[in-house]
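Chemist: How does the following fold in three dimensions:
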Amino acid sequence: MSILISITMTLMFYLKIAISRGYKMFNHAHLLKIKTYTFGCLGMFFISSSAYANCAYFPPAGQIFNRNFGDISDNYYTAKVGDVIASYTESSLTRMRCPAGTVIEARIDVGSREYGNIYRVPNTNVGFMITDHVGAGDNIFPGDMIYPFTLTLSEPYTESTAPREVKLYKLSKQFDDAVNYPRTTMSGVGAAGYWNRTMIAFSIKVPTCTMEDQVVNMGERSSVDIQKGTVEAASFTIRGQCIKKTNIALTYTPLTDIFNAEQGIFSLFTTGDYAKGVGIKLMDANSNPILFNQPISISQSGDNSFSVNLKAKYVPTTGKITAGEANSAVSVNITYP
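Modeler: The predicted structure follows:
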């Protein structure tokens, strides 16, 4: 998915009168957005209604484990698909007493299963997996168990300390912009049938680009110089920054008719008392014509900023040059995957 950010620059000058005019670039910048995802991902232990009444829990309100990974943007954008981008392990204390034969289900509440036991966080390209390892205590749960799983108790369980590991994975190359996920609430452990519950949160900065506004002075020009083709070009620089983005390209699109695509010349606005016989030529720093409506790749520096040096000059088109307003515009769009 390409995101377009548009900048419009308006070039203005008057013929016959040797006065200074310029053109302005209006920036429609997209600010950096930070999305925070918080969701209840796991009913750590889910017990059927019939069995629930026969168990004793300490404390009776159940336990909720919260884990906020914070900003994982750097890991997400540098990782390959399938890589672990964040993980943590903590000791969870399980305190309950249930009769032998009680069926305990550890299950996933949200997300869809993608690969094995990796589940996708809804509307994102982040997956998660959780594992309970062998712990210590009275009647500990056997072996390493990857959620979801079902366990039938062979004897009463009273207390167990089980190291719990949560991993986040990158599932695809692009990041889908999505709404925030509010923290899940429960209406009571007894009604829901949950005992332990884990809440996971993380944030990702959604990348974007910005460009600076600027005004370029075209200098003093005359119709005679334009007709002779001796008018000097005005130099200017487009500057901007793209966060966490590569393969950036600029596309230049005149908002008026293109007079000569190969030479990068476009027409003036034909409203009011406009000048005739004049166009505007857009060039790169080496005076090569800019090709319109085609993405032109640019490079960034180490701080994610970029600068593009350009030139613009007035050129004769067809017929006699007549005085009048000579306004025109070109939109410059940043595209990135």
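Chemist: element containing the nearest residue to residue 84 once chain neighbours are set aside?
Modeler: Spatially, and ignoring its direct neighbours in sequence, residue 84 is nearest to residue 167 (5.1 Å; Cβ to Cβ, 6 or more residues apart in numbering). For glycine as for every other residue, the C-beta is placed from the backbone atoms N, C-alpha and C. If you go by DSSP states H and E, residue 167 is part of strand 159-170.
Chemist: Equivalent analysis for residue 291, please.
Modeler: Short version: residue 291 belongs to no helix or strand, going by DSSP H and E.
Chemist: ok, now residue 77?
Modeler: With DSSP H and E as the test, residue 77 turns up in helix 73-78.
Chemist: Next: residue 240.
Modeler: strand 234-242.
Chemist: by contact count, what packs against the very next helix or strand once past that strand?
Modeler: The first helix or strand that comes after strand 234-242 along the chain, using DSSP H and E, is strand 249-254. Contacts defined by 3 or more Cβ pairs under 8 Å, 6 or more residues apart in numbering; DSSP states H and E place strand 249-254 against strand 296-297, strand 328-335.
Chemist: what angle sits between strand 249-254 and strand 234-242?
Modeler: 130 degrees (axes from the mean of the first three to the mean of the last three Cα atoms, to 10 degrees).
Chemist: Which neighbours in the sheet does strand 249-254 have, and how are they oriented?
Modeler: The pairing partners recorded for strand 249-254 under DSSP bridges are strand 296-297 (antiparallel), strand 328-335 (antiparallel).
Chemist: Please state the mean pLDDT value computed over it.
Modeler: Throughout strand 249-254, pLDDT has a mean value of 86.
Chemist: Put the alpha carbons of it into CSV.
Modeler: The C-alpha coordinates for strand 249-254 follow below in CSV (Å, rounded to 0.1, in the frame of the first residue of the first chain):
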residue,chain,number,x,y,z
ALA,A,249,10.1,8.4,-4.8
LEU,A,250,8.9,11.8,-5.8
THR,A,251,6.3,12.3,-8.6
TYR,A,252,5.8,15.7,-10.2
THR,A,253,2.4,16.4,-11.7
PRO,A,254,1.6,19.8,-13.3
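Chemist: Pull the residues that contact it.
Modeler: The contact list for strand 249-254 (Cβ atoms under 8 Å, 6 or more residues apart in numbering) reads 238, 266-267, 282, 290-298, 308, 328-336.
Chemist: cutoff 10 Å now
Modeler: Contact partners of strand 249-254, identified using Cβ atoms under 10 Å, 6 or more residues apart in numbering, comprise 2, 4, 6-9, 211, 238, 240, 261, 264-267, 279-280, 282, 290-298, 306, 308, 310, 328-337.
Chemist: on that earlier part again, so what strands line up beside the strand holding residue 240?
Modeler: strand 209-211 (antiparallel), strand 305-316 (antiparallel).
Chemist: would you list every one of the helices in the stretch 101-250 of the chain?
Modeler: Ranges of helices in the stretch 101-250 of the chain, per DSSP state H, counting those that start in this stretch, are 189-192, 223-228.
Chemist: least reliable of those going by mean pLDDT?
Modeler: helix 189-192 - the lowest mean pLDDT of the helices of the stretch 101-250 of the chain, at a mean of 37.
Chemist: Could you list the domains of the protein?
Modeler: Domain assignment for the chain, taken from automatic domain parsing, gives 5-31+208-335, 33-206.
Chemist: just to revisit the earlier point, write a PyMOL command that selects only the buried members of the contacts of strand 249-254.
Modeler: Typed into PyMOL, the line below selects the buried ones among the contacts of strand 249-254, using 16 or more other Cβ atoms under 10 Å:
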select buried, resi 7+8+9+211+238+240+264+265+266+267+279+280+282+290+292+295+298+306+308+310+328+329+330+331+332+333+334+336
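Chemist: where does the stretch 151-300 of the chain dip in pLDDT?
Modeler: For the stretch 151-300 of the chain, the stretches flagged by pLDDT under 70 are 155-162, 173-198, 206-208, 212-220, 243-245.
Chemist: circling back to that earlier point, tell me the buried residues in the strand holding residue 240?
Modeler: Under 16+ other Cβ under 10 Å, the buried positions of strand 234-242 are 234, 236, 238, 240, 241, 242.
Chemist: so which of the residues you listed would you say is closest to residue 322?
Modeler: residue 234 (22.2 Å; Cβ to Cβ).
Chemist: what are the bridge partners for the closest one, then?
Modeler: residue 312.
Chemist: So that it lines up with my notes, have the first residue be 58 from now on.
Modeler: Yes, from this point I'll number from 58; that puts the last item at residue 291.
Chemist: Surely it and residue 367 touch.
Modeler: Yes - counting by Cβ atoms under 10 Å, residue 367 is a contact partner of residue 291 at 9.3 Å.
Chemist: hang on, the earlier thing: for the strands paired with strand 306-311, which one sits closest to residue 125?
Modeler: Using Cβ to Cβ, the nearest of the strands paired with strand 306-311 to residue 125 is strand 385-392, at 32.6 Å.
Chemist: and residue 295, how far is that from residue 309?
Modeler: Note on residue 295: its distance to residue 309, by Cβ to Cβ, to the nearest Å, is 10 Å.
Chemist: sorry, that was for residue 175
Modeler: 43 Å.
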